[in-house]
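Engineer: A structural model of the following input is requested.
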Amino acid sequence: MTRIAVIGGGRIGEALVAGLLESGRVAKDLVVVETHQDRAELIAERFGVRVTGSIEDASVGADVLVIAVKPGDVDGVLTALGKAMLGGDGDQVVVSLAAGVPTPRLEAKLPAGSPVVRVMPNTPMLVGQGMSALAPGRHAKAEDLALVTGLLGAVGKVVTVAEAQMDAVTAVSGSGPAYFFLVVEAMVDAGVSLGLTRDVATTLVVQTMLGAAALLEGAEQSAVDLRAAVTSPAGTTAAALRELERSGVRSAFLEALHAAARRSAEQGSSAE
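Structural biologist: So this is what the prediction gives:
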């Protein structure tokens, strides 16, 4: 079995561990690095995995090293990993879940030739519905990508893109959940203004969003086709959509996602 070290026991690291165990991985093949004692005890008790405060300790015998820390902590982790990996066989795959940290920066701080895979996840992985995009580094082989795809598949869906596309991925799926939360927030407020209680409006909106997502996922029709199917000529939906279009909803999303992509690129450049 593949042995996996997860460096960082925060929400993302915990979600990955939970998903891996649910997908059939055994606790003895997982180790978590967590320096906060309370958090370390919680993870050890909840999942039955070994928890250590040492990256070097966790690296021994691990096939995959997952960096699941905040972007500001990545340099320290890479320095420790670089030391731990020196003298190894070079087969350990380093997987980074840290947002905005480009693959070249990861490779520069690790032993030459280390296979690196950068991942842009999103928060729905906390409930097993994540969307993860993988960007392979220069030394990552096809089998490395297949391995990481299998691991991340335990907490959602996975696609592979080029490093140059990661800013776009960040704008679309990385930040994407916040856009839907804003839409839900706006629709709930509108429902309240129409006389519904906030609880009822929230139930209506959230279930409608879930149902719409299920239709999109399960149908062969596109979003355009599905929208047209519920838009009767001169009906209520048509009236609402006309107002959304008049308010510039499409251009607003276009500008928003381009702004997110630009900001992602700026953060990546400043981090190098």
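Engineer: Need the residues that contact the strand or helix carrying residue 16.
Structural biologist: Element membership for residue 16 (DSSP states H and E) is helix 11-22. The contact list for helix 11-22 (Cβ atoms under 8 Å, 6 or more residues apart in numbering) reads 4, 6-7, 27, 30, 32, 34, 43, 46-47, 49, 66, 68-69, 97, 121, 123, 125-126, 128, 130, 151-152, 154-155. All C-beta atoms are positioned from the backbone trio N, CA, C, and that covers glycine.
Engineer: Show the average pLDDT along it.
Structural biologist: Confidence over helix 11-22 (mean pLDDT, whole number) is 94.
Engineer: Please save the CA atoms from stretch 111-118 in PDB.
Structural biologist: Output in PDB follows, covering the C-alpha atoms of stretch 111-118 (Å, rounded to 0.1, in the frame of the first residue of the first chain):
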ATOM      1  CA  PRO A 111      16.200  18.000  -4.200                       C
ATOM      2  CA  ALA A 112      16.800  18.100  -7.900                       C
ATOM      3  CA  GLY A 113      14.600  15.800  -9.900                       C
ATOM      4  CA  SER A 114      11.900  15.600  -7.200                       C
ATOM      5  CA  PRO A 115       8.400  14.800  -8.700                       C
ATOM      6  CA  VAL A 116       6.000  17.600  -7.700                       C
ATOM      7  CA  VAL A 117       2.300  17.900  -8.300                       C
ATOM      8  CA  ARG A 118       0.500  21.200  -7.600                       C
END
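Engineer: From the contacts of helix 11-22, keep the buried residues only.
Structural biologist: 4, 6-7, 30, 32, 34, 43, 47, 49, 66, 68-69, 97, 121, 123, 125-126, 130, 151-152, 154-155 (16 or more other Cβ atoms under 10 Å).
Engineer: Sort out for me which of those residues are in strands.
Structural biologist: In this view, the buried ones among the contacts of helix 11-22 that belong to strands under DSSP state E are 4, 6, 7, 30, 32, 66, 130.
Engineer: Would you mind measuring from the fifth one to residue 129?
Structural biologist: The one in question is residue 32. Per Cβ to Cβ, to the nearest Å, residue 32 is found 22 Å from residue 129.
Engineer: where does this structure dip in pLDDT?
Structural biologist: Where the chain drops to pLDDT under 70, the residues are 87-90, 270-272.
Engineer: all helices of it, in order?
Structural biologist: Remark: helices assigned in the chain by DSSP state H are 11-22, 37-47, 55-59, 74-85, 103-108, 142-152, 166-169, 176-193, 198-218, 223-229, 236-246, 249-271.
Engineer: Off-centre distance for the third one?
Structural biologist: Helix 55-59 has its C-alpha centroid displaced from the chain centroid by 24 Å (Cα atoms, centre = their mean, to the nearest Å).
Engineer: Check which helices and strands it is in contact with.
Structural biologist: Contact partners of helix 55-59 among helices and strands, from 3 or more Cβ pairs under 8 Å, 6 or more residues apart in numbering; DSSP states H and E: strand 4-7, strand 30-33, helix 74-85.
Engineer: TSV please, covering these and showing distance to residue 117.
Structural biologist: Listed next are the helices and strands packed on helix 55-59 as TSV, based on distance: least, Cβ to Cβ, whole Å:
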stretch	distance to residue 117
strand 4-7	13
strand 30-33	18
helix 74-85	14
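Engineer: what's the closest of those to residue 268?
Structural biologist: Nearest to residue 268 among the helices and strands packed on helix 55-59 is helix 74-85; the distance by Cβ to Cβ comes to 11.8 Å.
Engineer: contact partners of that closest one?
Structural biologist: 7-8, 55-56, 59-60, 65, 67, 69, 92, 94, 96, 98, 101, 106, 109-111, 114.
Engineer: one more time with 7 Å, if that's ok
Structural biologist: Helix 74-85 is contacted from outside by 7, 55-56, 59, 65, 67, 69, 92, 94, 98, 101, 106, 109-111, 114, using Cβ atoms under 7 Å, 6 or more residues apart in numbering.
Engineer: And the furthest pair within those?
Structural biologist: Across these, the longest distance by Cβ to Cβ is 21.1 Å; it joins 56 and 101.
Engineer: Which of those two has more residues huddled nearby?
Structural biologist: residue 101 (22 against 13; other Cβ atoms under 10 Å).
Engineer: Give the bridge partners for the nearest residue to residue 166 once chain neighbours are set aside, please.
Structural biologist: The shortest distance from residue 166 to any non-neighbouring residue, by Cβ to Cβ, 6 or more residues apart in numbering, is to residue 135 (5.3 Å). Assessed by DSSP bridges, residue 135 has beta-bridge partners residue 118.
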